[in-house]
Every structure is written in C-alpha cells, then in structure tokens.
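S.K.: here is a sequence with its predicted model. Questions after.
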Amino acid sequence: MGEVQEPRSGCPINAAIEVFGDRWTLLVLRDIVFGNRRYFRELQSHSIEGIASNILADRLKRLVESGLLTREDARPGQRARYSLAEPAIQLIPVFAHLGSWGLRHRPTVRALRVRAELLDQGGPALWAEFMDELRREHLGATSPPASPTVRERLNAAYRAAISAP
C-alpha cells in the first residue's frame, strides 16, 4: 500500500473529508455500491458524470490505500476486481443522508432520485439490511439474504422511473 498522509488536523470531519471529500471519490464508491460495478472499465464506461480514466485510476488507487476498497490482483490478461471494505460499507448512512439532502435542496431528475427516495423512506432499518447485503457480496459474510434484496428493490424502482413517461 501507499503511504497514508498525516491529516491536517485531528478533527473527525477533516479526517473524513481528506479520504473521500474530493469531486470524484464518493461517486466512484456510489457506482460500486449501487451499480455493483467492480471493474475499472465498468466504472468508467457507466459513469454518468463521465470520469476520465486517469482520474478513475487515481481514485481507485487512493481508495485502496485508504482501506475503503480492496483490489484483487489480476493475472495477466485478467481484470482486477474491486471490493468494498467494511469502512466503505459503513458509508451507506452517509450516502442516504447526502441523497436526502440533495432531494430537498438541489434540482434532480426522477430516474436518478428514486434510489435516494427509497433510502430516505427506508431509514436505518433499510440501511442496515443493505449493509448486510454488501457484506455478503464484498466480504463473504454468510448472513441470509432478504428476498428481494435491497439492491433488487433499488434497481426495480430505478428501472420503473426511467421507463415512466
């Protein structure tokens, strides 16, 4: 791993911002969490904000170095796969609160707001269920999945929103 820099201060908000407070990091994590994109090309080609390859490579490297992602080393000819580490999974409430704030205070489009609405309505119980689901997918946890899963519910709502007139 790379060298982790000393924080500018001991403030917990500063410590968090230094890890994921830039323009792209939370969006990369969002796409892994909600889009289940685990490979570089998936992340780049499906980025609705149009992340450049050099920026994506830098953010993935930083996320691995900071302990938010793990990277499975690929053999020649294979793609490296990224997985969420526990600290990244614990960002689900942060995503939910950011999405809720964005719903209330920023212009959004229906198709892209539906997941934030569901997370807002579901509250902490849904967030905990989703974190357990992510632990199964990314960390190999063995707790029994709900049916349908949170991701399936979020994706179904998204598909319905984009197909609505």
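M.R.: Looks like it came in fine. Being a predicted model, the structure only gives us computed values, none of them experimental. Numbering: from 1, shown residues only.

S.K.: contacts, neighbours, all on C-alpha from now
M.R.: Noted.

S.K.: just the strands in this structure please.
M.R.: With DSSP state E as the criterion, the chain has strands at 69-72, 81-84.

S.K.: the first one packs against which elements?
M.R.: Which is strand 69-72. Contacts defined by 3 or more C-alpha pairs under 8 Å, 6 or more residues apart in numbering; DSSP states H and E place strand 69-72 against helix 53-65, strand 81-84.

S.K.: how about a cut-off of 6 Å?
M.R.: When contacts are defined as 3 or more C-alpha pairs under 6 Å, 6 or more residues apart in numbering; DSSP states H and E, strand 69-72 packs onto strand 81-84.

S.K.: domains of the chain?
M.R.: 12-85, 90-163 (automatic domain parsing).

S.K.: just give me how far the last one sits from the chain centre.
M.R.: The offset between the C-alpha centroid of domain 90-163 and the centroid of the whole chain comes to 10 Å, using C-alpha atoms, centre = their mean, to the nearest Å.

S.K.: likewise for the first one?
M.R.: Chain-centre distance of domain 12-85: 8 Å, with C-alpha atoms, centre = their mean.

S.K.: still on that earlier bit, quick one: closest of the strands of the chain to residue 44.
M.R.: Across these, residue 44 has its closest neighbour in strand 81-84 (13.3 Å, C-alpha to C-alpha).

S.K.: need the residues that contact that closest one.
M.R.: The contact list for strand 81-84, computed with C-alpha atoms under 6 Å, 6 or more residues apart in numbering, reads 38-39, 69-72, 138.

S.K.: any chance you could map the helices in this structure?
M.R.: Ranges of helices within the chain are 12-20, 25-35, 40-45, 53-65, 86-89, 92-105, 110-134, 150-163, based on DSSP state H.

S.K.: average model confidence for the last one?
M.R.: Averaging pLDDT along helix 150-163 gives 86.

S.K.: next: the second one.
M.R.: Across helix 25-35, pLDDT averages out at 96.

S.K.: what about residue 37, distance to residue 10?
M.R.: 33 Å (C-alpha to C-alpha, to the nearest Å).

S.K.: so the two - more neighbours on which side?
M.R.: residue 37 (20 against 9; other C-alpha atoms under 10 Å).

S.K.: contacting residues for the more buried one?
M.R.: Residue 37 neighbours (C-alpha under 6 Å, 6+ apart): residue 43.

S.K.: can you rerun that using 10 Å?
M.R.: Residue 37 is in contact with 28-31, 43-44, 46, 81-83, counting by C-alpha atoms under 10 Å, 6 or more residues apart in numbering.
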